[in-house]
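Undergrad: Have a look; sequence and predicted model below, questions after that.
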Amino acid sequence: MRITPRVGTHYLIFNVTRAPFNDARVRRALALALDRTQLVEAVLRSGERPAYALVYPVEGEYQPKAVLTGSFDEARQLLADAGYPDGRGFPPTEYLYNTNERNRDVAEAVQQMWRRQLGLAVTLRNEEWKVFLQTRLRGDFQISRAGWLPFTPVPIEMYELLLSTSAFNDTKWKHAAFDELYWSARRTLEPGARHALYDRMDTILRDEMPVVPFAYYTRIRLVHPIVTNWTDNILDARPWESVGFGNAP
């Protein structure tokens, strides 16, 4: 069995067109109330790492600096500042996820964390994959699970998910400065300058919190000892023409 880090992020999304999730204080409160260590160690249990930024930090490449920090106390204060002290007056809220045992486990853990830390009673709703995608596309949700496995370790693919014009932006979040930084980064060839633009985009995402990253992906593979030239890497990609079979041990 091989457990390998995979570029990609587990996260939650808010429908920012619906109150109270149009308030960044509420979104940040819910983000800070998650115990990411517990989620990866006790729920996912597949070698994932806690995620405090949307973009996976690639060794030797771009590493997000503007990451989510804060305490449960800060989460409770943010919720109070938004008008919901100890969760009082918070409207009925539903968490949507696609049918899968691990997704259910995460949903139940998140539900308990929000109840324990913020006093929120969140209900859960699961749908089969195709129905789930259509529900999100219609905007018929408040909070939903999400995840993305990019084709490249370059961060720009993850940022594209949150462009105002992106077909994948189910949050309906729009931020003109973020869009401008995205297109500037696409045109910038020098790595240092491009990474500086990424930092500014990460800062906006951290402060606005339209999505809540909580874990980075891994891949688990059972590889028989006779398999040769099998390579593990962060994209879970390999030149299949070179993979073969040797003699049984």
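TA: Here it is on my side, so go on. Here the structure is a predicted model, which means the values were calculated and not measured.

Undergrad: Okay, now the unreliable bits of this structure?
TA: Low-confidence segments of the chain (pLDDT under 70): 249.

Undergrad: Okay, helices next: where are they in it?
TA: Under the criterion DSSP state H, the chain carries helices at the ranges 24-32, 36-38, 72-81, 101-118, 129-138, 156-160, 176-187, 191-208.

Undergrad: got the contact list for the fourth one?
TA: Going back to what we said before, that points to helix 101-118. Contacting residues not belonging to helix 101-118 are listed as 10, 12, 29-30, 33-35, 38-39, 42-44, 72, 75-76, 79, 86-87, 95, 97, 120-122, 124, 126, 145 [C-beta atoms under 8 Å, 6 or more residues apart in numbering]. Heads up, the C-betas are built off the backbone N, CA and C, glycines and all.

Undergrad: Can you say which of the helices of the chain is packed in most?
TA: Mean neighbours per residue, mean count of other C-beta atoms under 10 Å, is largest over these for helix 24-32, with a mean of 23.

Undergrad: now the angle from that one to helix 101-118?
TA: Regarding helix 24-32 and helix 101-118, their directions subtend 120 degrees when assessed with axes from the mean of the first three to the mean of the last three C-alpha atoms, to 10 degrees.

Undergrad: what's the angle between helix 24-32 and helix 72-81?
TA: Counting by the same axes, to 10 degrees, helix 24-32 lies at 150 degrees to helix 72-81.

Undergrad: Quick one: distance of helix 24-32 to the chain centre.
TA: Relative to its chain's centre, helix 24-32 lies at 14 Å (C-alpha atoms, centre = their mean, to the nearest Å).

Undergrad: ditto for stretch 97-113
TA: Computed by C-alpha atoms, centre = their mean, the chain-centroid distance of stretch 97-113 equals 14 Å.

Undergrad: Alpha carbons of that stretch, as PDB, please.
TA: Extracted C-alpha coordinates of stretch 97-113, given in PDB (Å, rounded to 0.1, in the frame of the first residue of the first chain):
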ATOM      1  CA  TYR A  97     -23.000  16.600   0.000                       C
ATOM      2  CA  ASN A  98     -22.900  13.900  -2.600                       C
ATOM      3  CA  THR A  99     -23.700  10.400  -1.500                       C
ATOM      4  CA  ASN A 100     -20.500   8.700  -0.300                       C
ATOM      5  CA  GLU A 101     -19.600   7.200   3.100                       C
ATOM      6  CA  ARG A 102     -16.500   9.400   3.600                       C
ATOM      7  CA  ASN A 103     -18.500  12.500   2.600                       C
ATOM      8  CA  ARG A 104     -21.100  11.600   5.100                       C
ATOM      9  CA  ASP A 105     -18.500  11.100   7.900                       C
ATOM     10  CA  VAL A 106     -17.000  14.600   7.100                       C
ATOM     11  CA  ALA A 107     -20.500  16.100   7.000                       C
ATOM     12  CA  GLU A 108     -21.400  14.700  10.400                       C
ATOM     13  CA  ALA A 109     -18.100  15.800  11.900                       C
ATOM     14  CA  VAL A 110     -18.500  19.300  10.500                       C
ATOM     15  CA  GLN A 111     -22.100  19.400  11.800                       C
ATOM     16  CA  GLN A 112     -20.800  18.500  15.300                       C
ATOM     17  CA  MET A 113     -18.000  21.000  15.300                       C
END
